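Student: Please find the sequence and the predicted model below.
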Amino acid sequence: MTSPSANITSVLKETRSFPPSAEFVANAHISGMEAYRELWQRSKDDPTGFWAEQAETLTWFEKWHTVLEWNEPHAKWFVGGKLNACYNCVDRHVLAGRGNQAALLFEGEPGDTRVLTYNDLLREVSQFANVLKNQGIQAGDVVTIYMPMIPEAVVAMLACARIGAMHSVVFGGFSAEAVADRNNDAKSKLIITADGGWRRGKVIPLKQNVDLALSKSPTVQTCIVYNRCNTSVEMVAGRDFWWHELAAAASTDCPAEPFDSEHPLFVLYTSGSTGKPKGILHTTAGYLLGASRTHHWVFDLKPTDTYWCTADIGWITGHSYVVYGPLANGATQVIYEGAPNQPREDRFWEIIAKYRVSIFYTAPTAIRAFIKWGDQWPKAHDLSSLRVLGTVGEPINPEAWIWYHTLIGGGRCPIVDTWWQTETGAIMIAPTPGAIATKPGSATMPVPGIHAEIVDRQGNPVGANEGGLLVIKHPWPSMLRTIFGDDARYREQYWSQIPGAYFTADGARRDDDGYIWIMGRVDDVLNVSGHRLSTMEVESALVQHPKVAEAAVVGRPDDLKGEAIACFVTLVSGEQPTEELKKELREHVVKEIGALARPDDIRFAELLPKTRSGKIMRRLLRDIAAGRESKGDTTTLEDFSVMAKLRESDE
Ligand code: ATP
Ligand code: MG
């Protein structure tokens with residue numbers, strides 16, 4: 001960042017507000033604004049006392065003696081305590097008599113289904129933990145998991161946790177190259193994969209990718225292959241083993257071992273939206289506590305709920321809100337293997353109706369695709385079981401929010417817009433839905449225990465409605481402990497930018513009611529004629545236009561203005577790109593937010609460059625707008641052909 005000022009001019013005018021119903025408030029875990037404020041204030045006044053109380057919700061083998069040891073930037077939480085993350089997610093529910101409750105309701109893409117109860121999960125996880133032990137895996141070793149979204153992926157993660165091995169999950173959509181990079185960076189010893197996984201009616205050849213990856217990642221000595229698709233794969237003698245054969249020979253008895261609170265639980269790479277992915281290290285107690293408490297507060301989970309988070313386990317959302325959070329809380333949840341448009345564009349709505357899903361958590365990129373596909377798909381299904389909706393990953397434009405609220409939520413479900421990062425481990429800013437009235441596009445307020453502030457470069461709080469840098473003021477249990485193998489970068493990136501605070505690299509503002517609005521990445525902020533504008537706000541104005549499905553806005557160097565505003569726009573199904581429409585969109589933005597934000601370039605695109613986790617990669621669009629080659633890391637780009645097409649589509 002070169003600009004001396006961190007302040008960002010806010011142009012978004014969004015004033016709608018949606019309070020929860022009286023019935024929702026009456027039944028919520030955090031019931032009413034007073035209750036939220038009290039809990040949050042308590043956590044601010046006495047953070048360690050607050051977290052010590054919260055930690056009683058976990059099951060410990062040995063209690064801690066010190067809640068927090070903080071030597072900036074290094075935190076140790078619950079020092080002296082011993083626990084097992086897997087035990088907290090599985091065994092304790094069985095011991096409490098809930099063994100017959102469904103844990104995972106699995107729906108494969110081809111339509112096959114399975115139900116795993118907590119009893120089943122305990123048996124499968126224990127057996128697979130023994131498989132890993134039999135292969136020589138010990139506490140502290142790193143195991144790569146490269147699997148489709150099937151129950152065995154969850155089993156593999158929990159089996160690692162059970163024996164204290166760190167997992168490094170690599171999203172099943174990544175290439176052999178990306179798997180090899182992550183194997184090498186984490187010095188992984190063993191990889192767990194499947195022959196393939198189903199995606200849009202085709203088999204993704206996971207094992208084939210692993211074969212390629214292993215030729216470039218010598219630390220991996222063993223490969224365990226789950227037979228998901230019955231495709232023929234090459235098995236290298238002495239290196240590759242079938243999951244079912246090893247499992248058949250392993251005992252189902254594997255008591256969970258106690259590990260230190262700070263025992264490493266996993267390493268996970270960030271999405272690579274802003275640069276080369278970083279290997280984020282999380283440890284056991286603090287992470288598990290953050291994931292489980294936020295899951296409890298923000299999704300308001302009750303024993304009668306059926307919960308579904310659509311994230312892949314390859315992302316932090318899958319770690320915290322498919323595996324550790326919901327399972328620690330004893331949830332019954334759906335997991336789905338495949339694409340949202342297989343066999344048709346209503347697969348998600350069909351699943352919600354079929355399982356009577358009550359809590360649904362997805363990403364803006366998915367919501368924008370649903371809008372593009374048309375209202376007829378959700379309208380054809382009974383979505384009346386839903387009571388809470390969530391979103392994560394990118395800012396959600398108010399128009400997409402309203403669509404989600406109306407078409408999916410039937411106007412009755414609070415939307416929890418959850419802001420957080422791979423690094424934060426758990427949700428940081430989101431409405432506790434029985435307390436905080438929602439506003440479209442705002443993540444609202446920090447969860448209890450989180451002290452978020454918006455500051456300038458020097459760390460001074462900025463005023464209401466002034467955009468600034470989002471920071472977190474006090475260490476929190478689920479924070480990252482370091483970047484794997486690069487502690488210097490950890491210090492530099494997160495703890496050296498703003499005095500005494502964790503730097504998120506996101507911009508935000510607080511409105512007059514104290515609501516936080518995430519304005520996007522600090523690196524994406526536009527500098528137009530001396531005004532720093534948030535790209536997200538210009539994008540929100542564009543997608544408000546009924547013909548626009550998705551928009552990405554970036555700056556292009558301009559002699560006069562400093563930066564010109566370049567917009568990349570995709571249209572809803574059936575709309576044609578015309579010069580007339582470009583003019584209309586320019587006028588629309590001017591009308592919505594003023595002449596300052598008048599787009600200089602508008603390009604129509606079929607698709608935008610996104611990470612494999614579905615986030616728009618604005619840094620690549622900046623290169624295209626400026627007419628230069630992209631030099632940065634593109635390993636997490638979803639589809640390379642998008643870049644070529646965009647380069648052809650001159651303004
Ligand atoms: P990299 O750090 O490698 O560039 P990334 O930041 O996209 O990738 P993640 O940890 O997956 O990797 O994403 C965290 C980021 O996603 C946040 O810093 C923020 O910019 C964005 N984000 C997540 N949730 C929200 C949300 N609810 N509203 C706005 N932005 C969000
Ligand atoms: Mg990031």
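Tutor: Noted; the coordinates are in hand. Numbering: from 1, shown residues only. Ligands and ions are numbered 1, 2, ... in the order given.

Student: pretty sure residue 61 contacts residue 260?
Tutor: No - in this structure residue 61 lies outside contact range of residue 260 using CB atoms under 8 Å: 10.4 Å. From N, CA and C alone the C-beta is placed, and that goes for glycine too.

Student: Residue ranges of each domain in this protein, please.
Tutor: For the chain, the TED database gives the domain ranges 22-444+451-508, 524-649.

Student: Could you export those domains as CSV, including distance to ligand 1 and mean neighbour count?
Tutor: Formatted as CSV, the domains of the chain follow (distance: least, CB to the nearest ligand atom, whole Å; neighbours: other CB atoms under 10 Å):
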stretch, distance to ligand 1, mean neighbour count
domain 22-444+451-508, 3, 20
domain 524-649, 5, 18
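
Student: between those, which gets nearest to residue 518?
Tutor: domain 22-444+451-508 (5.1 Å; CB to CB).

Student: Figure out how far that closest one is from the centre of its chain.
Tutor: 7 Å (CA atoms, centre = their mean, to the nearest Å).

Student: gap between the two ends of that domain?
Tutor: 30 Å (CA to CA, to the nearest Å).

Student: Touching stretch 29-48 from outside, list them.
Tutor: Stretch 29-48 is contacted by residues 25, 49-51, 67-68, 296-297, 300, 432, 434-436, 445-451, 474 when judged by CB atoms under 8 Å, 6 or more residues apart in numbering.

Student: For that stretch, output the C-alpha coordinates as PDB.
Tutor: Provided in PDB are the C-alpha atoms of stretch 29-48 (Å, rounded to 0.1, in the frame of the first residue of the first chain):
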ATOM      1  CA  HIS A  29     -29.200 -19.000  22.000                       C
ATOM      2  CA  ILE A  30     -28.400 -15.300  22.200                       C
ATOM      3  CA  SER A  31     -31.800 -13.800  22.700                       C
ATOM      4  CA  GLY A  32     -32.200 -10.000  22.000                       C
ATOM      5  CA  MET A  33     -29.800  -7.100  21.700                       C
ATOM      6  CA  GLU A  34     -29.300  -6.700  25.400                       C
ATOM      7  CA  ALA A  35     -28.100 -10.300  25.800                       C
ATOM      8  CA  TYR A  36     -25.600  -9.900  22.900                       C
ATOM      9  CA  ARG A  37     -24.300  -6.600  24.200                       C
ATOM     10  CA  GLU A  38     -23.800  -7.900  27.700                       C
ATOM     11  CA  LEU A  39     -22.000 -11.000  26.400                       C
ATOM     12  CA  TRP A  40     -19.800  -9.000  24.100                       C
ATOM     13  CA  GLN A  41     -19.000  -6.400  26.700                       C
ATOM     14  CA  ARG A  42     -18.100  -9.100  29.200                       C
ATOM     15  CA  SER A  43     -15.700 -10.600  26.600                       C
ATOM     16  CA  LYS A  44     -14.100  -7.200  26.000                       C
ATOM     17  CA  ASP A  45     -13.700  -6.300  29.700                       C
ATOM     18  CA  ASP A  46     -12.300  -9.700  30.700                       C
ATOM     19  CA  PRO A  47     -11.200 -11.600  27.600                       C
ATOM     20  CA  THR A  48      -9.400 -14.400  29.400                       C
END
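
Student: what is the mean pLDDT for that stretch?
Tutor: Computed over stretch 29-48, the mean pLDDT rounds to 98.

Student: Which of the domains of the chain has the lowest mean pLDDT?
Tutor: Among the domains of the chain, domain 524-649 scores lowest, at a mean of 91.

Student: when you check the contacts of stretch 29-48 against the strands, which ones overlap?
Tutor: Under the assignment DSSP state E, those contribute 67-68 to strands.

Student: in the stretch 501-650 of the chain, which spans are strands?
Tutor: 502-510, 516-521, 526-528, 531-533, 548-558, 562-571, 601-604 (DSSP state E, counting those that start in this stretch).

Student: What sits closest to the most centrally placed residue in the chain if chain neighbours are left out?
Tutor: By CA atoms, centre = their mean, the chain has its centre lying nearest to residue 317, at 3.5 Å. Nearest residue to residue 317 in three dimensions, chain neighbours excluded: residue 311, at 3.6 Å (CB to CB, 6 or more residues apart in numbering).

Student: so is that neighbour in a helix, a strand, or just coil?
Tutor: Under DSSP: H, G, I helix; E, B strand; the rest coil, residue 311 falls in the coil class.

Student: From residue 346, how far off is whatever residue of the stretch 1-150 of the chain ends up closest to ligand 1?
Tutor: The minimum distance from the stretch 1-150 of the chain to ligand 1, using CB to the nearest ligand atom, falls at residue 12 (13.0 Å). Look at residue 12 and residue 346: by CB to CB, to the nearest Å, they are 32 Å apart.

Student: Could you do residue 523 as well?
Tutor: 37 Å.

Student: returning to what we had before: which ones are touching the residue nearest to the centre of the chain?
Tutor: Counting by CB under 8 Å, 6+ apart, residue 317 has contacts 309, 311, 361, 363, 392-393.

Student: do the same with residue 344
Tutor: Applying CB under 8 Å, 6+ apart, the residues contacting residue 344 are residue 377.

Student: Then it would be within a helix, right?
Tutor: No - Residue 344 sits outside any helix when classified using three-state DSSP, being coil.

Student: Got phi/psi on it?
Tutor: When read as degrees, to the nearest 10, the backbone of residue 344 gives phi -140, psi 180.

Student: still on that earlier bit, which neighbours do residue 61 and residue 260 share?
Tutor: residue 82.

Student: what ranges do the helices span in the stretch 551-651 of the chain?
Tutor: For the stretch 551-651 of the chain, applying DSSP state H, counting those that start in this stretch gives helices covering 579-593, 618-626, 640-648.
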